[in-house]
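[1] generate coordinates for the sequence data below:
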Amino acid sequence: MWKSPGHWFQRSVPTTRQAAWGRKWSSADLRKWNLEGVSRHYVDALEAGVLRPGDHWLDLGCGLGHSAAWLAEKGLHVLGVDFAQTAIDQACALHSTSLRLEFRMLDVTARCDQLGQFDAILDRGCLHGISERAGYYRNLDLWLKPGGVFLLQHHLRRYSQSRLRQEVLRNSFARCALMTEKPIEMLESLTEKGIPGVFLVVRKDALK
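    Residues are numbered from 1 along each chain as shown. Here you go, the predicted model:
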């Protein structure tokens, strides 16, 4: 179970970048890119036993919380975090009934040792919006339990599939195994122009 926010989690004055994301989540254009349903790849992972009821999950860049809420309905305990307080406020308003679901504002690139550890971490389009990634990878290693899994959906607009795979495997964990790698459509069911991406599932191995 993740740790209670307690005294360390407070709503702070937004940075310029946070304010920009807040405006984006408040924009009328939100419907063009917001992914309202659960990712079909999470559905597949649940059916394959990669996701297990009772596990504790961390959803990075959760947005309006649709995937996090679906996972909670399936019996998982989920903490959704996002850089934009506007998104978190909307997620809380939309999904306020589940006892297994929590939302918090968090910069996933900033050092945060008090969040606890999770059985799995999912990222449906968070990393691909981050340019300085060292803090993200450090937190990923800190927050994921040994033996846990990292599920990543990342666009291929500026990356080749092999380059992204090499970056993740090199920077995420000292020991890990690639479980799944497949090309995907980032926008899934939306009618906007397709954006190619890749879906990776990486297992963090315990050091021996």
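[2] what packs against the strand ranked longest in the chain?
    Secondary structure of the chain per DSSP state E: the longest strand is strand 144-155. In terms of contacts (3 or more C-beta pairs under 8 Å, 6 or more residues apart in numbering; DSSP states H and E), strand 144-155 is packed against helix 40-47, strand 118-124, strand 196-204. Placement of C-beta: from N, CA and C, glycine included.
[3] which of the residues in the last one are buried?
    Okay, so that is strand 196-204. Along strand 196-204, these residues count as buried under the neighbour rule (16 or more other C-beta atoms under 10 Å): 197-204.
[4] dump those to JSON lines, plus distance to Val168 and pLDDT.
    Formatted as JSON lines, the buried residues of strand 196-204 follow (distance: C-beta to C-beta, whole Å; pLDDT from 0 to 100):
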{"residue": "Gly197", "distance to Val168": "13", "pLDDT": "94"}
{"residue": "Val198", "distance to Val168": "10", "pLDDT": "96"}
{"residue": "Phe199", "distance to Val168": "12", "pLDDT": "96"}
{"residue": "Leu200", "distance to Val168": "6", "pLDDT": "97"}
{"residue": "Val201", "distance to Val168": "11", "pLDDT": "97"}
{"residue": "Val202", "distance to Val168": "6", "pLDDT": "98"}
{"residue": "Arg203", "distance to Val168": "12", "pLDDT": "97"}
{"residue": "Lys204", "distance to Val168": "12", "pLDDT": "97"}
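[5] chain center to the following helix or strand past the longest strand of the chain: distance?
    Sequence order places helix 161-171 as the next helix or strand after strand 144-155, per DSSP states H and E. Centre-to-centre, helix 161-171 and its host chain are 17 Å apart (C-alpha atoms, centre = their mean, to the nearest Å).
[6] what's the following helix or strand after helix 161-171?
    Note on helix 161-171: by DSSP H and E, the next helix or strand toward the C-terminus is strand 176-185.
[7] between the buried residues of strand 196-204, which sits nearest Gln90?
    Nearest to Gln90 among those, counting by C-beta to C-beta, is Gly197 at 24.2 Å.
[8] please name the bridge partners of the closest one.
    His155, Ile184 (DSSP bridges).
[9] wait, it sits on Glu188?
    No: judged on C-beta atoms under 8 Å, Gly197 makes no contact with Glu188 at a distance of 9.7 Å.
[10] any idea how far Gln166 is from Pro183?
    Distance from Pro183 to Gln166, counting by C-beta to C-beta, to the nearest Å: 16 Å.
[11] with Leu46 instead?
    Taking C-beta to C-beta as the measure, Leu46 falls 28 Å from Gln166.
[12] higher neighbour count, the two?
    Leu46 (18 against 11; other C-beta atoms under 10 Å).
[13] now for that one: which residues touch it?
    Neighbour list for Leu46: 71, 74 [criterion: C-beta atoms under 8 Å, 6 or more residues apart in numbering].
[14] show me where pLDDT drops low in the protein?
    The model of the chain has pLDDT under 70 over residues 1-36, 189-193, 208.
[15] for Glu188, the count of nearby residues, please.
    18.
[16] I'd say it and Ser39 touch.
    Yes: using C-beta under 8 Å, Glu188 is in contact with Ser39, at 6.9 Å.
[17] quick one on the thing from earlier: list just the nearest of the buried residues of strand 196-204 to Thr86.
    Gly197 (24.7 Å).
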